[in-house]
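Engineer: Based on what follows, work out the 3D shape:
(one chain, ligands or ions: 2)
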Amino acid sequence: MVVVMQPQATEEQKEHVRETIHALDCKSRDIQGDAITIICVIGNTLALTPQQFEILPGVDQVQRIQKPFKLVSREVQPHKTSFKVGDVTIGGNEITIISGPCSVESREQFRTAALAVKASGARIVRGGAFKPRTSPYSFQGLGEEGLKIMAEISEEIGLPTISEVMEPEMVPMVSEYIDILQIGARNMQNYPLLNAIGHSHRPAMLKRGLSATIEEMLLAAEYILAGGNHNVILCERGIRTFETWTRNTLDISAVPVLQKVTHLPVFIDPSHGTGYADYVAPVSRAAVAVGADGLMIEMHPTPERALSDGEQSLTPEALSALIPELRRVAQAVNRVIV
Ligand code: PEP
Ligand code: MN
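Structural biologist: Ligands and ions are numbered 1, 2, ... in the order given. Okay, the predicted model is just below:
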C-alpha cells in the first residue's frame with residue numbers, strides 16, 4: 001500500500017503518517033519526488049484499509065499495490081483448482097454441464113427432469129429446495145423434503161447434485177443430502193453462511209451477487225477458502241444494469257478476468273443471466289467460447305407449468321439439442337465436454 005502525500009504536506013503530517021503505519025505493526029519507507037512524498041506501507045497490509053490513511057491530514061490518496069485477497073489468487077496458487085464430485089472432475093480440461101429445474105416441485109417432476117439431464121449428457125443435476133424468492137407469496141420450495149427427493153433420485157440415476165443453502169444453521173443438514181452447496185446471488189455476502197460453508201466438507205458454488213463487483217465476489221470466495229474449504233466454483237449469473245430486455249446483464253468478460261486472477265473454476269449461468277429460454281443457447285455457446293469451466297442451465301420437463309423460472313427454462317429437447325453444439329464449440333477452444 002502506498003500513501004501519496006499532498007505537495008503542501010508538512011513534515012509533521014508525514015511523521016504522523018509514519019507513526020500510524022508503525023502503530024499498525026508495519027514498516028514505512030519514503031519515496032521522495034521533486035514535489036511530493038510517497039510513503040510505502042510494508043507488512044501485512046491485507047488487514048488494513050486505505051481509509052485508515054486517507055483520513056490523516058496531508059494525505060492526498062492511498063493505493064493498494066497488493067490484491068486484497070490471497071488464497072483465491074493465482075499468485076498463491078498458479079495452477080487451476082480441480083476436484084472431483086462423484087466421477088465428475090470440475091475445473092479440469094473438461095467443461096461441466098449442470099442442468100435441472102429451478103425448483104424441485106415433486107418427486108415425479110424431479111425424476112423426469114433428472115432423467116432428461118442424464119439423457120442430454122449433462123453431468124450434474126440441479127434443483128432448488130430452499131428458494132430465495134423475491135416475493136414472499138411465491139413458491140418457496142419443498143425444503144428438506146425436496147432434498148430427500150434429490151438424494152433418492154441421484155442415487156437411482158447416478159448423477160451428483162447441487163442445491164442452494166440459505167442459512168448457516170442449515171449447512172450440515174443440506175450437506176447430508178447434496179453433493180455441491182450453492183450460495184445464491186442474494187447470499188453472496190452473507191458472511192456467517194460463507195464461514196459455515198468454509199468449514200463444510202462439501203464443495204460449494206458461489207454465485208455472483210446482483211450488484212457485486214468481481215473483487216467483492218473474490219473476497220466472498222476468500223472467506224470460504226479461509227475456513228479451510230478449497231473446493232469452490234465461482235458462477236457469473238448476470239448483474240443489475242439499466243437494461244430491461246434481459247433479466248440481468250450477463251458479464252461475459254468476468255470469465256477471462258476471473259481466469260486471470262483466480263485459480264478457482266469459473267462457471268456461467270445463462271438462465272438467470274438472460275431470463276429467457278430463447279437466449280440460453282446462444283449465450284451458452286459464448287460461455288464455452290470465452291473459457292468458462294462449466295455451465296449451469298435451468299431445464300424443466302414442462303416449462304409452461306414450472307413453479308419458478310419457467311420462462312428461462314429449456315425443455316428437455318432443447319437441452320439435448322444444445323449439448324452437441326457446445327461440444328463443437330469446446331473442441332474449437334481445445335476443451336472437451338464428455
Ligand atoms: C437459482 O440458481 O435458482 C438461483 C436462485 O439463482 P441466483 O441465486 O443466481 O438468482
Ligand atoms: Mn432459478
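Engineer: Run the chain-centre distance for stretch 263-279.
Structural biologist: Between the centre of stretch 263-279 and the centre of its host chain there is 11 Å, according to Cα atoms, centre = their mean, to the nearest Å.
Engineer: Then stretch 254-267?
Structural biologist: Here stretch 254-267 is found 10 Å from its chain centre; the criterion is Cα atoms, centre = their mean.
Engineer: got the CA coordinates for it in PDB?
Structural biologist: Taking C-alpha atoms only, stretch 254-267 is exported to PDB below (Å, rounded to 0.1, in the frame of the first residue of the first chain):
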ATOM      1  CA  ALA A 254     -15.900 -11.700 -16.000                       C
ATOM      2  CA  VAL A 255     -14.800 -15.100 -17.200                       C
ATOM      3  CA  PRO A 256     -11.400 -14.100 -18.700                       C
ATOM      4  CA  VAL A 257     -10.900 -11.600 -15.800                       C
ATOM      5  CA  LEU A 258     -11.500 -14.300 -13.200                       C
ATOM      6  CA  GLN A 259      -9.500 -16.900 -15.100                       C
ATOM      7  CA  LYS A 260      -6.600 -14.500 -15.000                       C
ATOM      8  CA  VAL A 261      -6.700 -13.600 -11.300                       C
ATOM      9  CA  THR A 262      -8.000 -16.800  -9.600                       C
ATOM     10  CA  HIS A 263      -7.300 -20.500  -9.900                       C
ATOM     11  CA  LEU A 264     -10.900 -21.400  -8.900                       C
ATOM     12  CA  PRO A 265     -13.200 -22.900 -11.600                       C
ATOM     13  CA  VAL A 266     -15.400 -20.300 -13.300                       C
ATOM     14  CA  PHE A 267     -19.000 -21.200 -14.400                       C
END
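Engineer: Report the buried residues of it.
Structural biologist: Neighbour-count burial for stretch 254-267, counted by 16 or more other Cβ atoms under 10 Å, picks out 254-255, 258-259, 261-267. Backbone N, C-alpha and C define where each C-beta goes, glycine included.
Engineer: In the chain, mark out all the helices, start to finish.
Structural biologist: Taking DSSP state H as the criterion, the chain carries its helices at 11-23, 51-54, 107-120, 144-157, 171-177, 191-198, 214-226, 254-261, 270-274, 277-290, 316-332.
Engineer: Tell me the residues of the protein that contact ligand 1?
Structural biologist: 102, 128, 132, 184-186, 207, 237, 272 (Cβ under 6 Å from any ligand atom).
Engineer: same thing but at 8 Å, please
Structural biologist: Proximity of the chain to ligand 1 (Cβ under 8 Å from any ligand atom) is limited to residues 102-103, 126, 128, 131-132, 164, 182-187, 207-208, 210, 235, 237-238, 269, 271-272, 296, 298, 308-309.
Engineer: near ligand 2, which residues of the stretch 1-150 of the chain?
Structural biologist: Applying Cβ under 5 Å from the ion, one finds that the stretch 1-150 of the chain approaches ligand 2 through residue 102.
Engineer: Try it again at 8 Å.
Structural biologist: Residues of the stretch 1-150 of the chain lying close to ligand 2 by Cβ under 8 Å from the ion are 102-103, 128, 131.
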